[in-house]
Every structure is written in C-alpha cells, then in structure tokens.
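[1] One predicted model, sequence on top.
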Amino acid sequence: MIHRYYIFWAVLLLTCGYALWRGRSDERIAAGVCLLATIATRFAISPLSKRYSGLETGLLVIDALVLVAFVAIALRSQRFWPLWIAGLQLTTSMSHLMKAIDADLLPRAYGAAAALWSYPILLILAIGTWRGQRMLARTADNPRLEQVPNR
C-alpha cells in the first residue's frame, strides 16, 4: 500500500509544478508558498512520538505565514480562487487555536484539522491555473475581449 505521505508529495509536486509552469504570477506565488511551507513543516513538526500532543508552535508560525501570503495574493488578485485558498488556510490555522483553547484535544483530531485542507487548497490551485490558461487562450483567440493583465 502506498503511504499517504508519498501521495501528498506526488499531488503537491504535480500541482505546484503545473502552476509554476503554466500559471501567472498569482498561481506561481501560491505554488511557491505551498512548496516552501511543506518543506518548512518537515523541519518544524514534532517527532512522531509527540506529534500533535501539544500545541505545534512551529506549525502555528508556518500556517500563520501561509495565511498572510494567501490573503495578500487574494487582495491583489483579480481572480476569485485565491479567496478560497485563503479561507481554507484560515480554517487550517484555527486548528491551532482549538488546541490552545483545549489542551486535551485528541492529537489525531488536531493533526487531522491541521492537515485536512491541504488537498483542497492544491485542487483549487490546479483549477485556478487551468482556468487562467483557458481565459488567456480565449482572449488570444478574440482580441476584442479585455485581457486581464499578466502580472
């Protein structure tokens, strides 16, 4: 059986690679944030024996920085998908608040809440990249359509 760790890395690399290759600046920045945050998480997370038994301060910092980055993308973007990833990242960030409020929160529940939204964020990034490419192709086929600036 393939371990979910490898599945996540495959999905992450495929999605972010696609966004870096075919995306505009919003997609490329979001992909970079996802890649950097995932790598940083590997260094910040507690050892497996203690993982999620207490507040994961390193993950809290990483998730807060990712939230700030996604909100910044959403505020400057002319596209709608960055609002979705910012909202999902806010939900992820709230998992740390739940653990801070209730120290007895089961480690498995805390871990699931902290990691659950990673897949939908990547899915939205892939769809946003794909739709952006379709929009650019339509405007190239019909120059009368107003083209969104490629930042």
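    It's in. Residues are numbered from 1 along each chain as shown.
[2] Any stretches of the protein with poor pLDDT?
    1-2, 141-151 (pLDDT under 70).
[3] Determine the longest helix present in it.
    Secondary structure of the chain per DSSP state H: the longest helix is helix 118-141.
[4] Packing partners of it?
    The contact analysis (3 or more Cβ pairs under 8 Å, 6 or more residues apart in numbering; DSSP states H and E) places helix 118-141 against helix 4-22, helix 25-44, helix 81-101. Every residue, glycine included, has its C-beta placed from N, CA and C.
[5] between those, which one is nearest to L55?
    L55 lies closest, by Cβ to Cβ, to one member of the helices and strands packed on helix 118-141: helix 81-101, at 5.1 Å.
[6] Could you export that closest one as PDB, CA atoms only?
    The C-alpha coordinates for helix 81-101 follow below in PDB (Å, rounded to 0.1, in the frame of the first residue of the first chain):
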ATOM      1  CA  TRP A  81      -9.700  31.300  -6.500                       C
ATOM      2  CA  PRO A  82      -7.200  33.000  -4.100                       C
ATOM      3  CA  LEU A  83     -10.100  33.900  -1.700                       C
ATOM      4  CA  TRP A  84     -10.900  30.200  -1.500                       C
ATOM      5  CA  ILE A  85      -7.400  29.100  -0.600                       C
ATOM      6  CA  ALA A  86      -7.100  32.000   1.900                       C
ATOM      7  CA  GLY A  87     -10.300  30.800   3.600                       C
ATOM      8  CA  LEU A  88      -9.200  27.200   3.700                       C
ATOM      9  CA  GLN A  89      -5.900  28.300   5.200                       C
ATOM     10  CA  LEU A  90      -7.700  30.300   7.800                       C
ATOM     11  CA  THR A  91      -9.600  27.100   8.700                       C
ATOM     12  CA  THR A  92      -6.300  25.200   9.000                       C
ATOM     13  CA  SER A  93      -4.900  28.000  11.200                       C
ATOM     14  CA  MET A  94      -7.800  27.700  13.500                       C
ATOM     15  CA  SER A  95      -6.900  24.200  14.400                       C
ATOM     16  CA  HIS A  96      -4.000  25.600  16.400                       C
ATOM     17  CA  LEU A  97      -6.400  27.900  18.200                       C
ATOM     18  CA  MET A  98      -8.600  24.900  19.000                       C
ATOM     19  CA  LYS A  99      -5.600  23.100  20.600                       C
ATOM     20  CA  ALA A 100      -4.600  26.200  22.500                       C
ATOM     21  CA  ILE A 101      -8.100  26.500  23.900                       C
END
